[in-house]
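Undergrad: Below: sequence and its predicted model.
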Amino acid sequence: MKLNPSQIDTLQNQGFLVLPERFSEEEVALIQSQMPMLLDDHHPGNVIEKESGVVRTAMGLHLRNEVFAQLANHPKLIEPAFQIRPEPMYIQQVKVNVKAAFSGSIWQWHYDFATHHEEDGVPEPLALNLHIFLDDVNHYNGPLYFVPGSHRHGEHGAWLDDQTTSYPLWIVENRIVEKLIQQNGIQAATGEKGTMLIFYDTLLHGSPNNMSPWDRAIFSLILNPISNAYQKTDRPDYKHHRDLTPVIMSDPDCLSLFLHSR
């Protein structure tokens, strides 16, 4: 489950790494099976799309569901994170970002550290974003767009956009995005369900509307070193968790119990 030297080099150079076939079809089906009840439970961690009224993102899932509690400690996610950041880390956020067919709206160009720093008082951009594709992600159903290597440019400047979508987001001005894309290009992260994705906290990214007939859901676990923990508690816990208990890898077969009980 560890990354090889070539994969680590790619992550360091690009700022992101795509790992196909990391989770099995059965594991992804199990995760997907938990989503309908979580999206329908009117939890405050469910953010609704401004136009369509469907869920845009569901947050705090490891505190709401046992499958997600196990997933947030899964070695396939945690072991490579420890390779990259070999120090105690805590679970900062657990969510699924949903782009429903025909209606999932954009995530503007941004980098996560802007939100972590401005909203939560996180001192340094050391958090890691660990994703799992829960649907096949293609060029048409709202894939993540990355500007490769933009993490090496440090902070890009950001301002709070609370008008464009239902989720307030610290975004980057178009002129800065344009300059970085002209320098570094742009790349869509696509792959089959079960693909894993890792990226750094200052990597510039966003995603377009989903105009296709295919749903696009992506699981996200954000880990942050305890030494770099939040200093503000203005946001609710489901947006940035307060529990600084060090994350510990669960058993590699931690999802098997649920699979065999189905």
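TA: Noted; the coordinates are in hand.
Undergrad: dump the residue contacts of the residue lying closest to residue 255 once chain neighbours are set aside.
TA: Closest residue to residue 255 apart from its sequence neighbours, by CB to CB, 6 or more residues apart in numbering: residue 27 at 5.4 Å. Glycine gets a C-beta too; all of them are placed from N, C-alpha and C. By CB atoms under 8 Å, 6 or more residues apart in numbering, the contact set of residue 27 is 194, 255, 259.
Undergrad: Neighbours of the second one, how many?
TA: A count of neighbours around residue 255, defined by other CB atoms under 10 Å, yields 21.
Undergrad: measure it to residue 69 for me?
TA: Remark: distance between residue 255 and residue 69 (CB to CB, to the nearest Å) = 11 Å.
Undergrad: got it, and the last one?
TA: Residue 259 sits 15 Å away from residue 69, taking CB to CB as the criterion.
Undergrad: in stretch 112-126, what counts as buried?
TA: Under the neighbour-count criterion of 16 or more other CB atoms under 10 Å, stretch 112-126 has 112-117, 119-120, 122, 125-126 buried.
Undergrad: mind listing the strands for the protein?
TA: Along the chain, the segments classed as strands by DSSP state E run 16-19, 46-48, 55-59, 89-99, 107-110, 128-133, 144-146, 159-161, 169-171, 187-189, 196-200, 205-207, 216-225.
Undergrad: and the fifth one, what other elements does it pack with?
TA: With contacts defined as 3 or more CB pairs under 8 Å, 6 or more residues apart in numbering; DSSP states H and E, strand 107-110 has these neighbours: strand 169-171, strand 205-207.
Undergrad: if we can go back for a sec, what's the closest of the buried residues of stretch 112-126 to residue 49?
TA: Among the buried residues of stretch 112-126, residue 115 lies closest to residue 49 (CB to CB), at 19.1 Å.
Undergrad: In space, what's closest to the closest one - neighbours in sequence excluded?
TA: Setting aside the residues directly before and after it, residue 115 is nearest to residue 170 in space (CB to CB, 6+ apart), at 4.8 Å.
Undergrad: OK, contacts around that neighbour?
TA: Residue 170 touches 110, 114-115, 118-119, 158-161, counting by CB under 8 Å, 6+ apart.
Undergrad: Please produce TSV containing the contacts of residue 27, extended by pLDDT.
TA: Output for the contacts of residue 27, formatted as TSV (pLDDT from 0 to 100):
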residue	pLDDT
194	98
255	90
259	77
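Undergrad: Now distance to residue 50 too, for the residues you listed, in CSV please.
TA: As requested, those are exported to CSV (distance: CB to CB, whole Å):
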residue, distance to residue 50
194, 31
255, 34
259, 37
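Undergrad: Now go through those and say which are in helices.
TA: residue 259 (DSSP state H).
Undergrad: of all the contacts of residue 27, which comes closest to residue 207?
TA: The nearest member of those to residue 207, counting by CB to CB, is residue 194 at 19.2 Å.
Undergrad: Verify the stated contact: that closest one with residue 28.
TA: Yes. Between residue 194 and residue 28 there is a contact under CB atoms under 8 Å: 5.0 Å.
Undergrad: Common neighbours of those two, please.
TA: By CB under 8 Å, 6+ apart, residue 194 and residue 28 have these common neighbours: residue 132.
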